[in-house]
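Novice: Generate a structure from the sequence data that follows.
(2 chains)
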Amino acid sequence: METGKRNYYLEIADNAHILSHRLAENCSRGPFLEEDLACTNVALDLIGLAESVYNEIAKQLEGNISGDDVAYRRDEIDYRNCLLTEQPNDDFAHLMTRQFFMDTYHYYIFTELSVSSDTFLSALANKSLKEVTYHLKRSSEWMIRFGNGTKESSERAQAAINRLWRYTDELFTSDESYSDLIGTGVYPDQDKLKKSWMQKVDEVFFLAQLRKPENKGFQLHGGKSGRHSEHMGYILSEMQFLPNKYPDATW
Amino acid sequence: MKETLLDEATLLAEFEAKIDAEIKIEPRDWMPDAYRKHLIRQISQHAHSEVIGMQPEGNWITRAPSLRSKKILLAKIQDEGGHGLYLYSAAETLGVSRDQYIQWLHEGKAKYASVFNYPTLNWADIGAIGWLVDGAAITNQVSLQRTSYGPYSRAMVRICKEESFHQRQGYEIMWKMMEGTKDQQRMAQDAINRWWWPALMMFGPHDSDSAHTGNAMKWKIKRETNDRLREKFINKTVPQAELIGLKVPDANLKVSGTDSFGEPTYDHSDINWEEFWQVVNGNGPCNEQRLEHHVKAHQDGKWVRECAKAFQNNNDSINR
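Specialist: Numbering: from 1, shown residues only, chains lettered A, B, ... in the order given. Here you go, the predicted structure:
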């Protein structure tokens, strides 16, 4: 499998996998039972998405490698998810704001990829669009509810936005290994994606009476090239515990 | 027209005639206070059990060893939460709100299945819970599909379908581990060693010691006794353990005969009732942890519920 292609696929899979992991951590901790189940539901959709891509990578790589090997048996530096996905749940406003940013991203990237000349990605995108459209509807509604609910909910949502905003620009950066295929009909144009993403965020923030942070200039990057936040090591040490400890076991 | 007030004796006779004729009792039907109270206790306890049961299994979500096993575990826990929802809805038809039920749980006035007060210590525990705990639950719940209260009976029909999947999935985990490495076999045996007795305890005290069996049988809330259900479970489960090479942790377990289908029945040791009552009364390994976890999640979610309510009220007043 060509390096650029592998890296692009891994970004999609790792974003879904790590975000799903964070949502799964929330299981039995939801604010009420229906919402607890909804988070698990989204986590399940995302893990299914990640699994499809990991299996495809395994198929295209040489050697006897499974999708699980790709998902579980890499060093931290080889995971290519954005920093945003690994940020902790903190409170329900953080969880949902992170989700809203990612759902918006997924909605637009899969809309673009649905017409990609890469047939695997276009099939994946078409299949995933139904799910991520629903995810986006749900997280947008929560943002609007937070902003127009109580003083506390509005303040918590604003705090989450202020905290997470600086991880959003990374979503639209390209690794040089695949940058030559950006905007060519294989992978979508990142500037176009960013514009669509920003329009949606502006629209929802307007309805929610929430604001983009003032000091929005300084953005953090690194996840896509394997430089993660301190959180990532803990995520992986739990996630990889059994495969690492018992490398010969199948489950 | 002159209104006729029926006296309680007549109402009771009508109620019992329905029970005898296997006609379901519905929320708007007259029912004796003791029947209502029994159902409020039993259905809410059942709902709380589903929800608290999410915790010991949730303990392994982030450490599930493969994508497939993680998906199955997430979906299973989601099912359990869904069962909690059906059951809270069934319980609410008795005139008590979900908020009230949760408050009783937090105040220690309502119980949940004691089995969830045991910890999950290795991955095979996820198999053991599905196989043994869900297996014990199904044995009980199959008979509850015929319970006399309509909403409870209908909830049980849906729940049983999903629980039987869980049991098979749990057994599959155990089976795969017993086919696996020495370490995996050790984990699987350790899991059955720890979960066998708590699973048997799930059927409750001996019938002679059960405070709630009398009227519950008469009014067909319960359809089979604790001891009878426990025997059924043992007869069904011991051969499953033996098939994959697991040893049931009971030195006195031996075949005692055969049932009407020619399947073996077993003699076995008695449950450690001291441990049973200690855990029921709050002294199990995880009683405090489970309740504190639920209370914390509920408190942490207070602002979210308030937000949703305020937003709804604002919308209602705009639309009015």
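Novice: in chain B, which segments are predicted with low confidence?
Specialist: Applying pLDDT under 70 to chain B flags the ranges B:1-5, B:211-214, B:320.
Novice: For residue A:83, give me its contacts.
Specialist: A:167, A:170, A:220-223, A:228-229 (CB atoms under 8 Å, 6 or more residues apart in numbering or on different chains). Every C-beta, even on glycine, is put in place using the N, C-alpha and C of the backbone.
Novice: what's it sitting at in phi/psi?
Specialist: phi -60, psi -30 (degrees, to the nearest 10).
Novice: nearest residue to it other than its sequence neighbours?
Specialist: Closest residue to residue A:83 apart from its sequence neighbours, by CB to CB, 6 or more residues apart in numbering or on different chains: residue A:223 at 4.2 Å.
Novice: Give me the neighbour count for that neighbour.
Specialist: Applying other CB atoms under 10 Å in any protein chain shown, we find 26 residues neighbouring residue A:223.
Novice: Hmm, residue A:77 and it touching each other?
Specialist: No: counting by CB atoms under 8 Å, residue A:223 does not reach residue A:77; the two are 10.8 Å apart.
Novice: Do stretch A:198-209 and chain B come into contact?
Specialist: No: for stretch A:198-209 and chain B, the contact criterion (CB under 8 Å from any CB of the partner chain) is not met; the two come no nearer than 10.4 Å.
Novice: could I get that stretch in PDB with only the CA atoms?
Specialist: Only the C-alpha atoms of stretch A:198-209 are listed here, as PDB (Å, rounded to 0.1, in the frame of the first residue of the first chain):
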ATOM      1  CA  MET A 198     -16.800  27.000   9.500                       C
ATOM      2  CA  GLN A 199     -20.100  28.000   7.900                       C
ATOM      3  CA  LYS A 200     -21.900  25.200   9.700                       C
ATOM      4  CA  VAL A 201     -20.300  26.000  13.000                       C
ATOM      5  CA  ASP A 202     -21.100  29.700  12.600                       C
ATOM      6  CA  GLU A 203     -24.700  28.900  11.800                       C
ATOM      7  CA  VAL A 204     -25.100  26.600  14.900                       C
ATOM      8  CA  PHE A 205     -23.300  29.100  17.100                       C
ATOM      9  CA  PHE A 206     -25.600  31.900  15.900                       C
ATOM     10  CA  LEU A 207     -28.700  29.800  16.800                       C
ATOM     11  CA  ALA A 208     -27.100  28.800  20.100                       C
ATOM     12  CA  GLN A 209     -25.900  32.300  20.900                       C
END
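Novice: Select the longest helix from the chain.
Specialist: In the absence of a named chain, chain A is used. helix A:119-148 (DSSP state H).
Novice: wait, chain B
Specialist: Taking DSSP H as the criterion, chain B has its longest helix at helix B:150-178.
Novice: packing partners for the helix or strand that that helix is followed by?
Specialist: Downstream of helix B:150-178, the first helix or strand assigned by DSSP states H and E is helix B:182-201. The contact analysis (3 or more CB pairs under 8 Å, 6 or more residues apart in numbering or on different chains; DSSP states H and E) places helix B:182-201 against helix B:124-128, helix B:134-144, helix B:150-178, helix B:226-243, helix B:273-278.
Novice: quick one, what contacts the residue of chain A found nearest chain B?
Specialist: Per CB to the nearest CB, the residue of chain A with the smallest distance to chain B is residue A:31, at 2.6 Å. With contacts defined as CB under 8 Å, 6+ apart, residue A:31 is in contact with A:92, B:297, B:300-302, B:304-305.
Novice: among these, which two are most distant?
Specialist: Spatial extent of the contacts of residue A:31 (CB to CB) is set by the pair B:297 and B:305 at 11.6 Å.
Novice: Have a look at those two and say which one is more surrounded.
Specialist: Taking neighbours as other CB under 10 Å, residue B:297 and residue B:305 compare with residue B:297 leading, 18 against 15.
Novice: Isn't that one up against residue A:26?
Specialist: No: the pair residue B:297 / residue A:26 is not scored as a contact, 9.3 Å apart, by CB under 8 Å.
Novice: Quickly find the element holding the closest residue to residue B:30 other than its chain neighbours.
Specialist: Once flanking residues are discounted, residue B:30 sits nearest to residue B:11: 4.8 Å by CB to CB, 6+ apart. Using DSSP H and E, residue B:11 sits in helix B:8-20.
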